[in-house]
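Novice: Next come a sequence and a model predicted from it.
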Amino acid sequence: MGNKLGIEPIAQEKIKISVNDVGNAIEVSFVGDIDMEDPSVILDPLFEKVHSGVVQNQITEVLANFKELNFLNSSGIKAVAKWIMKLAMLPPDKKYSIRIQHNKAITWQVTSLPTLTFLVPGAVKIE
Amino acid sequence: MAKKPDGYIELKFGPRWRYIAPARLFIQSFVAIAIEDQNKADGIAMAASELLENAVKYAKGEETSIIVQAFPEQNLITCSVTNQGDATSVKELQTLYKKIMSGDPLEAYIAQMREAAVRQDGKSQLGLARIRYEVGANIKLEITPDYLITITIEVH
C-alpha cells in the first residue's frame, strides 16, 4: 500500500494513520485512539499535506476512514473540522469531496461524525 | 435530585493527562453496569473525558475530582467534575457556557466547530457544545467565590 501523494504513515502514541490510493481516490485511515492533549501537532500537518496534494493532483475524492478509530477527543474534532473548512475556500475547479466512513458499532462515531457534514454543505458525505 | 444514588464512584487525581484515558474506561464500565445501556455509557464516558480534559488543561490547583452517580429509578446519571480555576479562567468559562447553552444544541455545536477551525490560540472550546448535543445532557456550572469550578452533567 502507499499513495501517489508520497505521504508517509504515522504511528504515534495510540494512533496509526495511513494514506493509501484507492482507485482514483485517496483514503486516509485512522486506527486506535486520538486522545492526546494536542492532536493538532499530528493532524494539522497531515491534513495540510493531503489537502494540497489532492488539489495539486486534481483528485476529486478523499475517503476518511474512521472505522477503527476508537476515540476522538474534541481537539481532534477541531483538526478534522479545520481540514473540512479548507474545502469552502477552494475555487470550483479545485474542489474535491470527502467521504467519511464510519463504524455504527462505535457510539461516538454515530453521534460525532454526521455533524461534520454540516460544516461545508455538499462537500462531505458519510457512509 | 432528592433520592440517594443507587451507586457512585469518585476519583481524585493530580491533574495529569495520562490519567484521563483510564478514568474514561473505568467510568464507561461503571455506567454500563449501573444502567445496562452501552450507548449511554459510551456517551457519558465521552462527556466525562471531555470535562476531565478541560479540567486538566486549565487546572490551577493540584487536585481534580470526578463523581459519577447512578439513579436507575429516575433513569438518571450525573457526572460532576471539580477543579480549581482563577479569575481569568472562570470568566472565560462563564462566557463560553452562556454561549453554548443558548439556542439549538446542534446549531451551537456547528457554530462552535466553525469557530474552532479558525482559532489561533490552540484551544478548541468544543467540549461542552459536544456534550450538550451528542449526549443530550443538561449542563450546570457552579463556581464558588474562591474559583472552585464544578461542571455537572445530567443525562436521562
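Specialist: Noted; the coordinates are in hand.
Novice: Strands of chain A, start to end?
Specialist: Assigned by DSSP state E, chain A shows strands spanning A:10-12, A:15-22, A:25-34, A:61-72, A:97-101, A:124-126.
Novice: for chain B, what are the nearby residues on chain A?
Specialist: Applying C-beta under 8 Å from any C-beta of the partner chain, one finds that chain A approaches chain B through A:33, A:35-38, A:40, A:71, A:73-75, A:77-78, A:81-82, A:84-85, A:106-108, A:111-112, A:115-116, A:118-119. Every residue, glycine included, has its C-beta placed from N, CA and C.
Novice: who does the nearest residue to residue A:9 once chain neighbours are set aside bridge with?
Specialist: Here the nearest residue to residue A:9 in space, its sequence neighbours aside, is residue A:18; by C-beta to C-beta, 6 or more residues apart in numbering or on different chains that works out to 4.3 Å. Beta-bridge partners for residue A:18, by DSSP bridges, are residue A:29.
Novice: Residue A:24 - how many residues pack around it?
Specialist: When neighbours are defined as other C-beta atoms under 10 Å in any protein chain shown, residue A:24 has 11 of them.
Novice: how about it, phi and psi?
Specialist: phi -90, psi -10 (degrees, to the nearest 10).
Novice: Tell me which residues are up against stretch B:135-145.
Specialist: A:111, B:43-44, B:46-47, B:85, B:90, B:93-94, B:97, B:100-101, B:105, B:128, B:131-132, B:149-156 (C-beta atoms under 8 Å, 6 or more residues apart in numbering or on different chains).
Novice: Name the residues of it that are buried.
Specialist: Going by neighbour count (16 or more other C-beta atoms under 10 Å in any protein chain shown), the buried part of stretch B:135-145 is B:135, B:137, B:139, B:141, B:143.
Novice: The lengthiest helix in chain A: which residues count as buried?
Specialist: For chain A, the helix with the greatest residue count under DSSP state H is helix A:40-56. By 16+ other C-beta under 10 Å, the buried positions in helix A:40-56 come out as A:40, A:42, A:43, A:46, A:47, A:50, A:51, A:53, A:54, A:55.
Novice: Switch the strands of chain A over to TSV; also include mean pLDDT.
Specialist: TSV is the format used below for the strands of chain A (pLDDT from 0 to 100):
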stretch	mean pLDDT
strand A:10-12	94
strand A:15-22	97
strand A:25-34	97
strand A:61-72	98
strand A:97-101	97
strand A:124-126	96
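Novice: Turn those into a markdown table, including mean neighbour count and distance to residue B:110.
Specialist: Below are those laid out as a markdown table (neighbours: other C-beta atoms under 10 Å in any protein chain shown; distance: least, C-beta to C-beta, whole Å):
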| stretch | mean neighbour count | distance to residue B:110 |
| --- | --- | --- |
| strand A:10-12 | 13 | 28 |
| strand A:15-22 | 18 | 25 |
| strand A:25-34 | 19 | 20 |
| strand A:61-72 | 20 | 17 |
| strand A:97-101 | 18 | 15 |
| strand A:124-126 | 17 | 12 |
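Novice: Which stretch among those approaches residue B:8 most closely?
Specialist: strand A:61-72 (23.9 Å; C-beta to C-beta).
Novice: Could you check how far that closest one is from the centre of its chain?
Specialist: Taking C-alpha atoms, centre = their mean, to the nearest Å, one finds strand A:61-72 lying 7 Å from the centre of the chain it belongs to.
Novice: That one pairs with which strands, parallel or anti?
Specialist: Strand A:61-72 pairs in its sheet with strand A:25-34 (parallel), strand A:97-101 (parallel), by DSSP bridges.
Novice: what is the orientation angle of the first one with helix A:40-56?
Specialist: Using axes from the mean of the first three to the mean of the last three C-alpha atoms, to 10 degrees, the interaxial angle of strand A:25-34 with respect to helix A:40-56 works out to 170 degrees.
Novice: Show me what strand A:25-34 is in contact with.
Specialist: Outside strand A:25-34, the residues that touch it by C-beta under 8 Å, 6+ apart are A:3-5, A:14-21, A:43, A:46, A:50, A:53-54, A:59-66, A:68-73, A:76, A:99, B:21.
Novice: So which helix or strand of chain B has the lowest pLDDT on average?
Specialist: Lowest on mean pLDDT, DSSP states H and E among the helices and strands of chain B sits strand B:7-13, with a mean of 88.
Novice: Only alpha carbons, please: show that strand as CSV.
Specialist: Extracted as CSV, the C-alpha positions of strand B:7-13 are listed here (Å, rounded to 0.1, in the frame of the first residue of the first chain):
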residue,chain,number,x,y,z
GLY,B,7,-24.3,3.7,43.2
TYR,B,8,-21.5,6.2,42.6
ILE,B,9,-17.8,6.4,42.0
GLU,B,10,-15.5,9.2,43.0
LEU,B,11,-12.0,9.7,41.6
LYS,B,12,-9.4,12.2,42.6
PHE,B,13,-6.2,12.7,40.9
